[in-house]
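**Q** Structure of the sequence below:
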Amino acid sequence: MKSRKLKNITRERRKARNRAKIIGSGSKPRLSVFRSNKYLYAQLIDDLNQKTLLSSSTRNLSKKGNKAEQARILGEQLATKAKEIGISEAVLNKGSYAYHGRVQALTEGARAKGLKI
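**A** Got it, this is the predicted structure:
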């Protein structure tokens, strides 16, 4: 039980440390990533006005594949939607997750479609 509690505390500290350095604005919003066991969720957030500008998840995807492929498609889809509303850059907020696997695939997919991160 102690190790689980310590693991959660460590994760929360890492998340807070990452989040303290990142602020999104209307022109350069924060790309927030949440990863569950089944799905991946991404949001573009304007912290100055406290609004979510755009959100998307792998739950809405019609194409199937492994989770990394779905994450890459999600990143591409998010970048396309962002360009439609006039957003060309974003700041990545990966939370407590390592820049690896699905988080990396999502970011690379967004970069491939022209979103500068």
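
**Q** which stretches of the chain have low pLDDT?
**A** 1 (pLDDT under 70).

**Q** where along it do the helices fall?
**A** Per DSSP state H, the chain carries helices over the ranges 2-20, 67-84, 102-112.

**Q** in the longest one, what's buried?
**A** What it means is helix 2-20. Buried positions in helix 2-20, judged by neighbour count with 16 or more other Cβ atoms under 10 Å: residue 19. C-beta: built from backbone N, CA, C; applies to glycine.

**Q** Give the other helices and strands that that helix contacts.
**A** If you count contacts as 3 or more Cβ pairs under 8 Å, 6 or more residues apart in numbering; DSSP states H and E, helix 2-20 packs onto no helix or strand.

**Q** Please tell me how far it is from the chain's geometric centre.
**A** 18 Å (Cα atoms, centre = their mean, to the nearest Å).

**Q** And for the shortest one?
**A** On the basis of Cα atoms, centre = their mean, the separation between the geometric centre of helix 102-112 and that of its chain is 9 Å.

**Q** contact partners of that helix?
**A** Outside helix 102-112, the residues that touch it by Cβ atoms under 8 Å, 6 or more residues apart in numbering are 31, 33, 35, 40, 42, 67-69, 71-76, 78-79, 82, 90, 92, 94, 97, 99, 117.

**Q** could the helices of the chain be laid out in CSV, adding distance to residue 58?
**A** Formatted as CSV, those follow (distance: least, Cβ to Cβ, whole Å):
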stretch, distance to residue 58
helix 2-20, 21
helix 67-84, 5
helix 102-112, 9
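
**Q** Might you report the residue contacts of the residue nearest to the spatial centre of the chain?
**A** What sits nearest the mean C-alpha location of the chain, by Cα atoms, centre = their mean, is residue 33, with 2.6 Å. Contacts for residue 33 (Cβ under 8 Å, 6+ apart) come out as 40-42, 92-95, 97, 103, 106.

**Q** Tabulate these in TSV, adding columns for distance to residue 17.
**A** Formatted as TSV, the contacts of residue 33 follow (distance: Cβ to Cβ, whole Å):
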residue	distance to residue 17
40	22
41	21
42	21
92	15
93	12
94	12
95	11
97	13
103	16
106	21
